[in-house]
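Sharing a model that was predicted from the sequence below.
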Amino acid sequence: MMQRRLFGFRFSELNSVEEVSAKLLAEKEQGVRFLITPNAAICTYFHQAKHRDLFLFYQDSAYVLPDGMPIVWLGRLKGIPLHRLAGSDLFPVLWAEIKARNLSAVFVLASQELADRLGQEYPKCRFVVPPMFSITDQERVAQIVHEVVQQQQAIEAEFIFLGITFPKQEFLGKEIAQVLKSTSNSRVLLLTLGASFEFYLKLKTRAPQWMQRTGLEWLYRFLKEPRRLWKRYTVDNFRFLWLASKEVFRK
């Protein structure tokens, strides 16, 4: 896969989520790997000094998809022909292939309703719905990681889907991967897809296509959840503009 650096990540230069899905399925026998979908807010978070360890862990993920038009535009400005590859668009395509090929997966989800509905669609999966936890609570994190690893090994799952809030899913994913690498010969792909499962099951609505195409999906989400997202789309947006301005002149 042709990849070049932007914000320190090697973004995948594929044209569609169908191409991404085909590549994932063709390369699924290659150890413990990650697929992440950074948008402007995630890039900004990773580039804060206090999160450097997390950034260094994820920067060489096997698949880094540009999930945000500002990243696509900046890439094209620098001569990198990126296309928006949103996790919310990838999941339905990949999920259909997983079911058709009789593959297995473990899901870490934000609610039991999500687990029940996905389980009804395809019983050959395991689900973990962690209680509320803090990423600084090492004992609770270790318990969740242990449960996920047990479920993965029980069915030799090829995929682990992480669908809780950012950045908890990223911290959890890192811990899961480290345990899997140290305790088994697992061949599994971990995907940090956030709210993709809620969109898929229509428990949340995505922005209209015209807002997605013009880079205004953030505004739609902000208007839907202003109390939760106000900082991300105010303070963090200014941080991203500063980060992007430096990226323009980076060789």
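All right, it came through fine.

List the residues that contact residue 188.
Taking C-beta atoms under 8 Å, 6 or more residues apart in numbering, we find residue 188 in contact with 32, 33, 152, 157, 158, 159, 160, 180. In short, each C-beta sits where N, CA and C put it, glycine included.

Try it again at 6 Å.
Shown in contact with residue 188 (C-beta atoms under 6 Å, 6 or more residues apart in numbering): 32, 160.

And residue 247, by the same measure?
Residue 247 touches nothing, counting by C-beta under 6 Å, 6+ apart.

doesn't it fall inside a strand?
No: per DSSP: H, G, I helix; E, B strand; the rest coil, residue 247 lies outside any strand segment and is helix.

thinking residue 93 is in contact with residue 21, fair?
Yes: using C-beta atoms under 6 Å, residue 93 is in contact with residue 21, at 4.7 Å.

Just want to know which of those two has more residues nearby.
residue 21 (20 against 17; other C-beta atoms under 10 Å).

so the more buried one touches residue 95, yeah?
No: under the criterion of C-beta under 6 Å, residue 21 makes no contact with residue 95, lying 9.2 Å away.

where does the protein dip in pLDDT?
Along the chain, the parts satisfying pLDDT under 70 run over 1-4, 184-185, 218, 222, 229-237, 251.

Grab the longest helix from it for me.
In the chain, taking DSSP state H as the definition, the longest helix is helix 138-155.

where along the protein do the strands fall?
Taking DSSP state E as the test, the strands found in the chain are 3-6, 9-12, 32-36, 63-64, 105-109, 125-128, 159-163, 188-192.
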